[in-house]
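Participant: next comes the sequence, and after it the predicted model I'd like to discuss.
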Amino acid sequence: MYSTIDHNTNNNRNNNSNNSTVKLPYDTMPSISDRIYNNKYQPVYQQPPSSNNRETTDVSSPNSMEDEMMQKNMQEIFEKKRRRRESHNAVERRRRENINERINELATLLPDSREAIKSNKGTILRKSVDHIRFLHDKLRQHQQRIQELESALELYRVRLGQQMMPPPGHPLDISAIQPHYHHPPLPPPSNTKDM
């Protein structure tokens, strides 16, 4: 595949003057991607193998300011994508580190923590779930036992209260005692008009 670059309207191949046509393979023509990605974002212009450099001077220099602007825009887009990717990678790295720290913390809380620390993450998580279920069962059993003990305690309080109460008529039975006043009752109010 060849590209034809016509420097003049005259297509005389036998003429060695500036009025000639140069045929170049496509892969020697600079492309936008070559300009951006080769040599640290510097434009790359390859010269075709030729004995006369005058014929290729227009090919080896930038065509216009548009190419430079396009190159600059592509470079900015590439930089934005790179920064976004780096930011995303940093966030993901922190997330993974946080997860790993919490898994290691779980491993230290397990009853057989020496074995758990050596285990992989999946094993640590499985053992943690098993241990949490075990603790839930224990908690349920303890709550049930507490209710049983509270019921027994209430029963003993009732029985003890009945045993501590003296039977009716007993000298310590205070239910038959009438209130007793040490002071005589106050006289009714007198009529002060008579005075």
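Facilitator: Thanks, I have it. Residues are numbered from 1 along each chain as shown.
Participant: now Asn100, nearest residue through space, not along the chain?
Facilitator: In space, and not counting its chain neighbours, Asn100 is closest to Lys121: 7.6 Å by Cβ to Cβ, 6 or more residues apart in numbering. Yep, even glycine has a C-beta here, placed from its N, CA and C like the rest.
Participant: likewise Thr108?
Facilitator: Per Cβ to Cβ, 6+ apart, closest to Thr108 is Ile117, 6.9 Å.
Participant: that neighbour contacts Ala107, correct?
Facilitator: Yes - contact criterion Cβ atoms under 8 Å: Ile117 and Ala107 qualify, at 4.8 Å.
Participant: tell me which of these two has more neighbours.
Facilitator: Neighbour count, other Cβ atoms under 10 Å: between Ile117 and Ala107, Ala107 has more, with 22 against 12.
Participant: could you list the low-pLDDT ranges of this protein?
Facilitator: 1-62, 116, 166-195 (pLDDT under 70).
Participant: okay, now the domains of it?
Facilitator: If you go by automatic domain parsing, the domain ranges for the chain are 2-61, 84-160.
Participant: end to end on the last one, go ahead and measure it.
Facilitator: Read that as domain 84-160. From its first residue to its last, domain 84-160 covers 77 Å (Cα to Cα, to the nearest Å).
Participant: what ranges does the protein have for its helices?
Facilitator: Assigned by DSSP state H, the helices in the chain fall at 32-37, 57-60, 65-109, 113-118, 121-164.
Participant: out of the ones you listed, deepest packed?
Facilitator: helix 32-37 (a mean of 15; mean count of other Cβ atoms under 10 Å).
Participant: is it true that Arg124 touches Ala107?
Facilitator: You called it Arg, but residue 124 is Ile. Yes - applying Cβ under 8 Å, one finds Ile124 in contact with Ala107, separated by 4.7 Å.
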